[in-house]
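Engineer: I need the structure of the sequence given here:
(one chain, ligands or ions: 1)
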Amino acid sequence: MNQLIRCIDCGQIFFKTPFDQCPEYSFPTKRSPGSFWATEKDDFQDFLKDHGKHHLEELKVIEDSFMSERDYLEPVKTSYFKATNGEEQFVIKKFREKIGQPLKYQLINGDLSLRCTAIKTQSKEIAKLLEKEFKTRPISQIKIAAFLKLYRHIAGTIDPGHLERVPEESSKSLEIYYKLDDTGVSYLLDRCHQLFRGQEYSDIQAFIYRHKDEGVLLLKGIYKIQITEGKASIPRMAVASPL
Ligand SMILES: [Zn+2]
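Structural biologist: Predicted coordinates:
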């Protein structure tokens with residue numbers, strides 16, 4: 001079973017897995033083809049050599065607290081999660097400097113949160129789709145630019161806290177897609193009256209309704225991982241077994 005061990009005296013973290021005792025294999029070289037050898041290896045015993053006489057405790061990972069700066073599947077990245085000993089909460093930084101190197105864990109006294117730095121529109125994609133869907137009755141480039149400017153303006157004034165998140169739209173953990181809410185849609189349509197008339201307005205209205213819940217009209221929230229150093233209170237949350 002996986003265990004997250006903290007040395008209270010040194011602030012070091014060790015992530016104990018069943019693989020710590022696997023022998024390390026050296027593969028054939030040109031000099032001695034066909035042969036390989038195993039070196040007995042126990043990373044946890046190495047940790048205990050330095051910290052065995054110190055005060056150690058097990059930390060529990062706080063459920064759903066995992067955050068990563070890059071795509072989940074990238075091998076070289078820095079991730080963070082929260083852990084607790086039941087009294088204090090910590091942030092654990094998990095990182096690997098190069099492919100092939102072991103994962104490292106660092107304990108930070110503090111709290112972890114996500115901060116929204118911007119709400120963006122998918123301007124290029126919207127422009128492309130407007131051109132594609134309005135082939136028979138094309139909209140002028142000036143009007144497309146005005147529509148994009150209007151949409152960016154709405155995105156810039158919106159509070160993501162009130163928006164509905166679209167699950168699984170992004171593979172990047174720091175990008176979250178949202179639907180424009182009904183108030184936003186009404187405001188957008190109202191302002192479109194100043195840009196489009198008659199059939200053109202009906203076309204753009206249909207375009208908005210077609211794409212507001214998925215695809216190009218989704219708003220993209222850009223988030224940043226924020227670590228607040230200092231003592232953090234423990235949230236009343238269930239704890240999960242270590243990752
Ligand atoms: Zn120690």
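Engineer: and the helix or strand containing Asp111, what other elements does it pack with?
Structural biologist: Under the criterion of DSSP states H and E, Asp111 resides in strand 104-120. Contacts defined by 3 or more C-beta pairs under 8 Å, 6 or more residues apart in numbering; DSSP states H and E place strand 104-120 against strand 12-16, strand 78-84, strand 89-95, helix 141-156, strand 219-229. All C-beta atoms are positioned from the backbone trio N, CA, C, and that covers glycine.
Engineer: neighbouring strands for the next helix or strand after the fourth one, and are they parallel or not?
Structural biologist: Sequence-wise, the next helix or strand beyond helix 141-156 is strand 164-165, with elements assigned using DSSP H and E. According to DSSP bridges, strand 164-165 has the following sheet partners: strand 175-179 (antiparallel).
Engineer: Verify the contact between His162 and Asp182 for me.
Structural biologist: No: His162 is beyond contact range of Asp182, at 10.7 Å (criterion: C-beta atoms under 8 Å).
Engineer: Domain boundaries for this structure, per the record?
Structural biologist: The record's domain parsing of the chain by automatic domain parsing lists 3-115+225-240, 123-217.
Engineer: hmm, back to that, buried ones in the strand holding Asp111?
Structural biologist: For strand 104-120, the neighbour count (16 or more other C-beta atoms under 10 Å) marks 105, 107-108, 110-112, 119 as buried.
Engineer: now the angle between helix 141-156 and the helix or strand following that strand, please.
Structural biologist: Once strand 104-120 ends, the next helix or strand along the chain (criterion: DSSP H and E) is helix 123-133. On the basis of axes from the mean of the first three to the mean of the last three C-alpha atoms, to 10 degrees, helix 123-133 is oriented at 140 degrees to helix 141-156.
Engineer: Give me the helices and strands touching helix 123-133, please.
Structural biologist: Using 3+ C-beta pairs under 8 Å, 6+ apart, the elements in contact with helix 123-133 are helix 141-156, helix 198-211.
Engineer: distance of the residue most central in space within the chain from Pro167?
Structural biologist: Among the residues of the chain, the one closest to the centroid is Ser173, at 1.9 Å (C-alpha atoms, centre = their mean). Computed as C-beta to C-beta, to the nearest Å, the Ser173 to Pro167 distance reads 13 Å.
Engineer: Quick check: the residue nearest to the centre of the chain vs Gln122, distance?
Structural biologist: Distance, Ser173 to Gln122, by C-beta to C-beta: 19 Å.
Engineer: try Cys116
Structural biologist: Counting by C-beta to C-beta, the separation of Cys116 from Gln122 is 17 Å.
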